[in-house]
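>>> Next one to model:
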Amino acid sequence: MDLDRKYLALDLELNNAPDGSTPNPSIIQVGVTIGSARQLPKEWIVKKWFVKVDEPIYPFITELTGITTGDVQNGLQRYDIANELDKLIKDNDVFVNPVTWGGGDATELKDDFEKWGVEFRNFGRRWIDVKTWYALHMLAKGKKPNGGLSSALGEYGLFFEGQPHRADIDAFNTLRLFFYILKKQFQMENLIKTAKGL
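As a prediction, this is how the structure comes out:
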């Protein structure tokens with residue numbers, strides 16, 4: 001396990017109706033956290049951007065995320081977000097695939113950039129989905145694999161840090177859980193290797 005390898009955790013907030021019925025909901029916030037397993041979480045880079053969107057934010061979304069119509073009216077253009085994100089990725093030499101809680105955020109962001117004519121040549125064709133990894137562990141323990149990021153952290157004796165449903169905070173907690181599970185897996189692999197040598 002390379003303790004110095006840096007990873008980027010990605011999370012998006014969307015402007016979706018309470019019943020989830022909005023077709024192709026707009027991305028309204030992009031959040032990332034960059035760090036390595038050797039670093040302390042307080043040394044990680046945590047960043048968020050409000051995306052400029054010309055539509056009202058559902059009151060439900062404002063209540064959930066704290067994001068207001070004013071935030072997105074004064075948000076950044078996708079071109080500027082893509083450039084800042086590109087610089088962060090290159091300056092920190094992060095692993096090619098982003099870490100996410102659930103699938104799709106990386107593809108959704110890339111598709112959104114493309115739709116608006118913004119070039120973004122980062123992220124591989126895959127992502128590291130911590131939610132699927134967590135579900136596998138729960139199934140292996142004979143437990144139900146459902147639950148959100150906060151309950152997943154609790155399963156390992158960790159607590160969610162910060163306010164949920166903020167893209168940067170969710171990305172930060174996703175990276176915490178990723179490194180915890182990765183370290184546990186590394187220890188297990190070493191244990192099996194040691195047992196085979198006996």
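>>> Low-confidence bits of this protein, can you list those?
Within the chain, the ranges that satisfy pLDDT under 70 run 193, 198.
>>> ok, V32 to R125 distance?
Distance of V32 to R125, given as C-beta to C-beta, to the nearest Å: 19 Å. To be clear about C-beta, it is placed using only N, CA and C from the backbone, and glycine gets the same treatment.
>>> whoops, I mixed them up, I27
Applying C-beta to C-beta to I27 and R125 gives a distance of 20 Å.
>>> Looking at the two, which one has more neighbours?
More crowded of I27 and R125, by other C-beta atoms under 10 Å: I27, with 23 against 9.
>>> helix, strand or coil for that one?
Look at I27: counting by DSSP: H, G, I helix; E, B strand; the rest coil, its state is strand.
>>> Does it touch L12 like I think?
Yes. The pair I27 / L12 is scored as a contact, 5.3 Å apart, by C-beta atoms under 8 Å.
>>> Quick check: neighbours shared by these two?
E108, L109 (C-beta atoms under 8 Å, 6 or more residues apart in numbering).
>>> right, and E119 touches A82 too?
Yes. Using C-beta under 8 Å, E119 makes contact with A82 at a distance of 7.3 Å.
>>> the more surrounded of the two?
A82 (23 against 10).
>>> Report how many residues lie close to V72.
Using other C-beta under 10 Å, the number of residues around V72 comes to 22.
>>> if I've got this straight, it is in a helix?
Yes. Secondary structure assignment places V72 in a helix (three-state DSSP).
>>> quick one: contacts for N15?
Applying C-beta under 8 Å, 6+ apart to N15 gives the contacts T22, P25, S26, I28, V53, E55, I57, Y58, I61, V72.
>>> Identify, from those residues, the entry nearest to K131.
Ranked by distance to K131 (C-beta to C-beta), these are led by P25 at 19.4 Å.
>>> give me phi/psi at D129?
The phi and psi torsions at D129 (degrees, to the nearest 10) take the values phi -90, psi 100.
>>> Verify the stated contact: it with D105.
No. D129 lies out of contact with D105 (C-beta under 8 Å); the separation is 9.5 Å.
>>> I figured L139 hits P145, correct?
Yes. Assessed by C-beta under 8 Å, L139 is found in contact with P145 at 5.4 Å.
>>> Looking at these two, which one has more neighbours?
P145 (15 against 11).
>>> helix, strand or coil for the more buried one?
Strictly by three-state DSSP, P145 counts as coil.
>>> now G31
strand.
>>> okay, now it: neighbour count?
Neighbours of G31 (other C-beta under 10 Å): 22.
>>> and the residue nearest to it when sequence neighbours are not counted, what are its phi and psi?
Nearest non-adjacent residue to G31, counting by C-beta to C-beta, 6 or more residues apart in numbering: A167, 2.7 Å away. Dihedral pair for A167: phi -60, psi -40, per degrees, to the nearest 10.
>>> residue boundaries of the helices in the protein?
Applying DSSP state H to the chain gives helices spanning 59-65, 69-73, 78-92, 105-115, 130-140, 149-155, 167-196.
>>> Sounds good, over and out.
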